[in-house]
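# What shape does this take:
(chains A and B)
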Protein chains: 2
Amino acid sequence: MHSNKLKISVVGLGYVGLPLAAALSKHYEVLGFDKSKKKIVKLLKGNDPTNQLRSKEILNKNIKYSTNPKLINNTKIIIVTVPTPVDIKNKPDISLIKNACKTIGQNLSKSSIVVFESTVYPGLTEEVCIKVLEKYSKLKWKKDFNIGYSPERINPGDKIHNLENITKVISADNKKTLITLKKIYKKIIKKIFLAPSIRVAEAAKIIENTQRDINIAFMNELSIIFSKLNINIHDVLQAAGTKWNFLKFEPGLVGGHCIGVDPYYLTYKAKKIGYSPKIILSGRNLNDNMTRYLYLRYKQLLTEKFKKQKKINILLMGITFKENCNDFRNSKPVEFYKLLSNLENIKIDVHDPYVDKKEIKKEYNIKVIEKPTIKKYDSVVLLVKHKEYERLTYKNLKQYCKEVFFVFDIKNLFFKRFKEKNIFTI
Amino acid sequence: MHSNKLKISVVGLGYVGLPLAAALSKHYEVLGFDKSKKKIVKLLKGNDPTNQLRSKEILNKNIKYSTNPKLINNTKIIIVTVPTPVDIKNKPDISLIKNACKTIGQNLSKSSIVVFESTVYPGLTEEVCIKVLEKYSKLKWKKDFNIGYSPERINPGDKIHNLENITKVISADNKKTLITLKKIYKKIIKKIFLAPSIRVAEAAKIIENTQRDINIAFMNELSIIFSKLNINIHDVLQAAGTKWNFLKFEPGLVGGHCIGVDPYYLTYKAKKIGYSPKIILSGRNLNDNMTRYLYLRYKQLLTEKFKKQKKINILLMGITFKENCNDFRNSKPVEFYKLLSNLENIKIDVHDPYVDKKEIKKEYNIKVIEKPTIKKYDSVVLLVKHKEYERLTYKNLKQYCKEVFFVFDIKNLFFKRFKEKNIFTI
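Take a look at the predicted model:
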C-alpha cells in the first residue's frame, strides 16, 4: 500500500497543515515547510506548537521539516495551508497566501499540482493565486502545472470530527488532476466529495462558518432583547429546543480565525461585484459588538455591587478564543480583558489552563497566572468553557473568593448548574 | 380512562384549533367555537375547511360546533387558537385575540382556565389578554380564573410531525393550573415540556419561526451573491451539506402566517423596549424583498428570450403559501402573480391542485385553471413544490409548452432532475 515515490509539500504548519502533513506521511514522503524557524525547531524536537499532536505523530522517517523553500522543487504535490486573516479594518489580508504562491512559484517544478486548503472568497484561487504562481515560476497554468482547491474543515479541540472523519470536498482545474487528488486524500480521509468546480468548493467553504456566525448572532440578539425583558434566554432556548427542528445555538463571543473572519471574505467579494450584504454583515457586526455589550453589562454589575469599594479583585477564567484550545488569535476574551483593564480601581488575574503563557505575554502583555489565589476575588468572570472549568463545584469556585462576591458567567456554565443568586449569566 | 365531566372549549377552528378540538373530543366533551357561520356549517356537514381532517375525525358524539358564545360559559377549560396576523404595515394585529378575550370574558364562569395557543410576543398574555378577560368577565385573575399559555406547533401538511408527536410546551400562572393542563394535554400528546413561566413559553415560540426565517434569508442572500458570481447555489449547498454541522436550508419565498409573521411580533416588542433588532429585521426585509427580486430576474429572462414577441403565455405552477396545503394567506406566489400580471403582452394561467378555486377568486380575483392547456405556454414558472409537481417528467412538462420555451424553477425541482438548458433556477 505504501507508495513513497510521490512527494508532497505542505506549506504552512499550523492547525491545518501539521495534522495533514503528519497523516500524509503515513503514505507518502512529506516535506513540512514553514517560514518560521522557531516553529521548525520545535517540530524537529517533536513538539507540536498547536498542542494537538504527540511527538511520535510528528516525527517519522517519511517526514522532513524545513524552512528551505528550495526543497519544494523536489515535490510534485504542494498543499497550501497558510492562514487567510483579515486586517485591522476587517478586509481580507491575502498577503500570506500571495507570499506562499510566490515562494512556491519560485520553486515550482513542471507537472506539479498546487492545492489550496486556505479559506478564500470564490474566485481567489483562479484570479489571484494562479497569476502569482505563473509570474514567479515562468510556467504556464494547465500546460506546465495544475491547480486544486480543497477547503480545510479542521475543528480544533474536537476529537470526534477529526481529519479522518470529516468529509473532504475537493475540486480541480481538470478531471485528471481531480482524480490524482482524490487518490491522495482518500488514503487519509474516509469520505471524499468531488465538487463540480474550484469556485463551488471555495463558495461551499466560505458559507459554512458564515452560517454559524449568523446563527450565533441571532442568539446574541435574542440575549440582548430577553435581558431587557427580564427573561432568561437559557430557559427560552431549553423550551424552544424541544421542537424537532430548532437549531441549538447559544449566545456568546465569536472570535478566532474562522467564524469571526470568513464572513468578511464573502462580504468583501460581494461588495466588489456590487452587492452589499445585509444579513451577513448585520450578523457579523452584532457578534463583533458583543464583547463591548457584555463588558458594559459587567461594568454595570460591578458598579451596583461594589460602588464604594476602592479596589476590586477580578478573576478572568479563560483567555483563548475557544474551549480546550491554546489559540488566542482574534480572541474575544482578550478584547474583554483589554476593555476591563482600562477601568480604575480594579486588579485582574487571568487564568487559562491551555494558553502559552510566554506567547500571550509577548503578544498582548497579559500575565496568565498558574493558579487563582485563595480568598482573593470580589468577582469572577467565566469567559471560556474549558473542560477544567466544567469540573468545578460551587465550593471550588467559592474558595477563591471573598465572603461577598459575584460571578459573571457568559457561558451559562456555573449559572445552570449551581443556581446561586450571585451568579449572573448572559 | 375517558372522563366526560370536564368540558373544553376551543375558540377558533382553523389549522390549529380544529385538529386540537378533534383530538380532545376523544377524551372530553368539546365545544368547537368559531364566529364564522360558514365554517361551522361546513364542519357540521363533516367538511374540514382546511382540508386536513376526514369527516369521521370531525364528527363524533363528544364534539359540538357552534357560533353561540354563550355555550362557552358551560366549559371549564377554554383554549384560544385564533390567528395573530400582522397588518399592512407589518405591525402585530392583535384585534382577533382581543376580540376572542372579550367574547370569552363575557361568557366566563368562575374557576375556569383560559389557555392561549396563539403565537404572541413575550408579555402579551399577561399584559393584554388577562386585562380584557377581567374587564368583560368582572372576574379577578388568579382568584376567579386562571391562565395558561401553550404555543401551537402545528406544521400543516407534515404527516410525521403531527399534533400527537410534537412536544408540547405548556406554562401557567401557578402550579395547580399547570398540573391540570398537563393532564389534559397528556391525553392527546406524547411529550409535554413544562416551561418555568408564561413569558418563557411565549418567547420560546416566537423565536422558533424567526430562526427559520433568518436561515432562509441567509440562503436568499447567498443566492443573490452567487447568481451575480455565476455560481450555482445548489451546487454550493450540496458541497457545504457534506459538513456534519451544516444546516440544510434552501433559498426561496417565505410567506404564510407563521414564519413570515412571527418575527414582526418579536421585533415589535423589542422596539417597544428600546432595542431595534438588527439581524431579525434584516432577515425579514430580505425575505420580503425576495419576491420582487425573483420577479425582476424572471422579467429579464422574458425580455432576453422573447423580446420581439407580442403575446407571451405563461403557466404559473402553485399559488398557495407552501407545498401540499391549500392555504394562500400571505402567499408569496400570489405576490409574484400580482407583479407579473402588471406586465404588458402577457397572459397568465395559474395552476394549483390544492387551492380552493372559489376562495382565491373571491379574495384576489385569481382564476385557477383545472388543467394546463397542451402546447400553449412560452414559459413556465414553478413556485410551489406540491407533490403532484414532483412527479412530473420533463416530457409531461414539455407537452404544455410551445416548441421554444423556458422554465423558471424557483424551487430547484425541475432544474435538479432534468438538467435541461432551458430550465433556470434561483
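
# Report how many residues lie close to the residue of the stretch 51-200 of chain A found nearest chain B.
Taking Cβ to the nearest Cβ as the measure, the stretch 51-200 of chain A has residue A:167 as its residue closest to chain B, at 4.1 Å. Where C-beta positions appear, they are placed from N, C-alpha and C, glycine not excepted. Close neighbours of residue A:167, defined as other Cβ atoms under 10 Å in any protein chain shown, add up to 16.

# So it is in contact with residue A:194, correct?
No. Counting by Cβ atoms under 8 Å, residue A:167 stays clear of residue A:194, with 11.0 Å between them.

# Assumed residue A:79 was part of a helix.
No. Going by DSSP: H, G, I helix; E, B strand; the rest coil, the assignment for residue A:79 is strand, not a helix.

# How much space separates it from residue A:190?
Between residue A:79 and residue A:190 the computed distance is 19 Å (Cβ to Cβ, to the nearest Å).

# These two: who's more crowded?
Taking other Cβ under 10 Å, residue A:79 and residue A:190 do not tie; residue A:79 has more neighbours (28 against 11).

# what's the residue of the stretch 51-200 of chain A closest to chain B in contact with, if anything?
Listed by Cβ atoms under 8 Å, 6 or more residues apart in numbering or on different chains, the contact set of residue A:167 reads A:153, A:189-193, B:242-244.

# now residue A:104
The contact partners of residue A:104, by Cβ under 8 Å, 6+ apart, come to A:9, A:11, A:69, A:72, A:78, A:80, A:114, A:133, A:136-137.

# What's the ChimeraX line that selects buried ones from those?
Under the burial definition 16 or more other Cβ atoms under 10 Å in any protein chain shown, those of those that qualify are selected in ChimeraX by:
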select /A:9,11,69,72,78,80,114,133,136,137
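
# ok, and which of the contacts of residue A:104 reach chain B?
Among the contacts of residue A:104, no residue sits close to chain B (Cβ under 8 Å from any Cβ of the partner chain).

# Columns pLDDT on top of the contacts of residue A:104, output as a markdown table?
Shown next, in a markdown table, are these (pLDDT from 0 to 100):
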| residue | pLDDT |
| --- | --- |
| A:9 | 97 |
| A:11 | 98 |
| A:69 | 96 |
| A:72 | 96 |
| A:78 | 98 |
| A:80 | 98 |
| A:114 | 98 |
| A:133 | 98 |
| A:136 | 98 |
| A:137 | 97 |
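
# got JSON lines for the contacts of residue A:104, with secondary structure and distance to residue B:28 too?
Formatted as JSON lines, those follow (DSSP: H, G, I helix; E, B strand; the rest coil; distance: Cβ to Cβ, whole Å):
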{"residue": "A:9", "secondary structure": "strand", "distance to residue B:28": "74"}
{"residue": "A:11", "secondary structure": "strand", "distance to residue B:28": "71"}
{"residue": "A:69", "secondary structure": "helix", "distance to residue B:28": "80"}
{"residue": "A:72", "secondary structure": "helix", "distance to residue B:28": "78"}
{"residue": "A:78", "secondary structure": "strand", "distance to residue B:28": "73"}
{"residue": "A:80", "secondary structure": "strand", "distance to residue B:28": "68"}
{"residue": "A:114", "secondary structure": "strand", "distance to residue B:28": "71"}
{"residue": "A:133", "secondary structure": "helix", "distance to residue B:28": "75"}
{"residue": "A:136", "secondary structure": "helix", "distance to residue B:28": "80"}
{"residue": "A:137", "secondary structure": "helix", "distance to residue B:28": "80"}
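
# where along the stretch 201-350 of chain A do the helices fall?
Ranges of helices in the stretch 201-350 of chain A, per DSSP state H, counting those that start in this stretch, are A:233-240, A:262-272, A:279-305, A:332-341.

# so which of the contacts of residue A:167 comes closest to residue A:339?
Top of the list for closeness to residue A:339, among those and by Cβ to Cβ, is residue A:153 at 32.5 Å.

# what's the closest one in contact with, if anything?
A:166-169, A:205, A:208, B:243.

# Just give me the closest of those to residue A:216.
residue A:208 (13.3 Å).

# burial count for the closest one?
Using other Cβ under 10 Å, residue A:208 has 24 other residues around it.

# same question, the one 4 residues further on
Residue A:212 has 20 neighbours, counted by other Cβ under 10 Å.

# Contacts only, for it.
Residue A:212 is in contact with A:249, A:259, B:245, counting by Cβ under 8 Å, 6+ apart.

# what are the ranges of the helices in the stretch 51-200 of chain A?
Using DSSP H, counting those that start in this stretch, the helices of the stretch 51-200 of chain A run over A:55-58, A:95-106, A:124, A:130-137, A:175-188, A:198-228.

# relative orientation of the fourth one and helix A:95-106 in degrees?
Think helix A:130-137. 40 degrees (axes from the mean of the first three to the mean of the last three Cα atoms, to 10 degrees).

# and helix A:130-137, what does it pack onto?
If contacts are counted by 3 or more Cβ pairs under 8 Å, 6 or more residues apart in numbering or on different chains; DSSP states H and E, helix A:130-137 sits against helix A:95-106, strand A:145-149.

# any chance of these in a markdown table, plus mean pLDDT and distance to residue B:336?
Output for those, formatted as a markdown table (pLDDT from 0 to 100; distance: least, Cβ to Cβ, whole Å):
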| stretch | mean pLDDT | distance to residue B:336 |
| --- | --- | --- |
| helix A:95-106 | 97 | 43 |
| strand A:145-149 | 98 | 37 |
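
# Tell me which of those sits most buried.
Comparing those by mean neighbour count (mean count of other Cβ atoms under 10 Å in any protein chain shown), strand A:145-149 comes out on top with a mean of 25.

# Which elements pack onto that one?
By 3+ Cβ pairs under 8 Å, 6+ apart, strand A:145-149 packs against strand A:112-116, helix A:130-137, strand A:168-172, helix A:175-188, helix A:198-228.

# want to throw these into JSON lines with distance to residue A:318?
JSON lines is the format used below for the helices and strands packed on strand A:145-149 (distance: least, Cβ to Cβ, whole Å):
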{"stretch": "strand A:112-116", "distance to residue A:318": "33"}
{"stretch": "helix A:130-137", "distance to residue A:318": "39"}
{"stretch": "strand A:168-172", "distance to residue A:318": "31"}
{"stretch": "helix A:175-188", "distance to residue A:318": "33"}
{"stretch": "helix A:198-228", "distance to residue A:318": "17"}
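
# of these, which approaches residue B:358 most closely?
Nearest to residue B:358 among the helices and strands packed on strand A:145-149 is helix A:198-228 (40.7 Å), distances taken as Cβ to Cβ.

# Enumerate the positions of that closest one that are buried.
Quick answer for helix A:198-228 (16+ other Cβ under 10 Å): A:198-227.

# Output stretch A:236-256 in PDB with nothing but the alpha carbons.
Taking Å, rounded to 0.1, in the frame of the first residue of the first chain, the C-alpha atoms of stretch A:236-256 are listed here in PDB:
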ATOM      1  CA  VAL A 236     -36.200  30.000  26.500                       C
ATOM      2  CA  LEU A 237     -33.700  28.000  24.500                       C
ATOM      3  CA  GLN A 238     -34.400  25.000  26.500                       C
ATOM      4  CA  ALA A 239     -38.100  25.200  25.800                       C
ATOM      5  CA  ALA A 240     -37.600  26.000  22.100                       C
ATOM      6  CA  GLY A 241     -35.100  23.200  21.900                       C
ATOM      7  CA  THR A 242     -37.900  20.700  22.400                       C
ATOM      8  CA  LYS A 243     -39.100  21.400  18.900                       C
ATOM      9  CA  TRP A 244     -37.700  18.900  16.400                       C
ATOM     10  CA  ASN A 245     -36.300  21.400  14.100                       C
ATOM     11  CA  PHE A 246     -35.000  24.100  16.500                       C
ATOM     12  CA  LEU A 247     -31.300  24.700  16.000                       C
ATOM     13  CA  LYS A 248     -29.400  24.600  19.300                       C
ATOM     14  CA  PHE A 249     -27.000  27.500  19.100                       C
ATOM     15  CA  GLU A 250     -26.100  29.600  22.100                       C
ATOM     16  CA  PRO A 251     -25.300  33.300  22.600                       C
ATOM     17  CA  GLY A 252     -21.600  34.100  23.200                       C
ATOM     18  CA  LEU A 253     -18.400  35.600  21.900                       C
ATOM     19  CA  VAL A 254     -17.400  34.700  18.400                       C
ATOM     20  CA  GLY A 255     -13.700  35.200  17.800                       C
ATOM     21  CA  GLY A 256     -10.900  33.100  16.300                       C
END
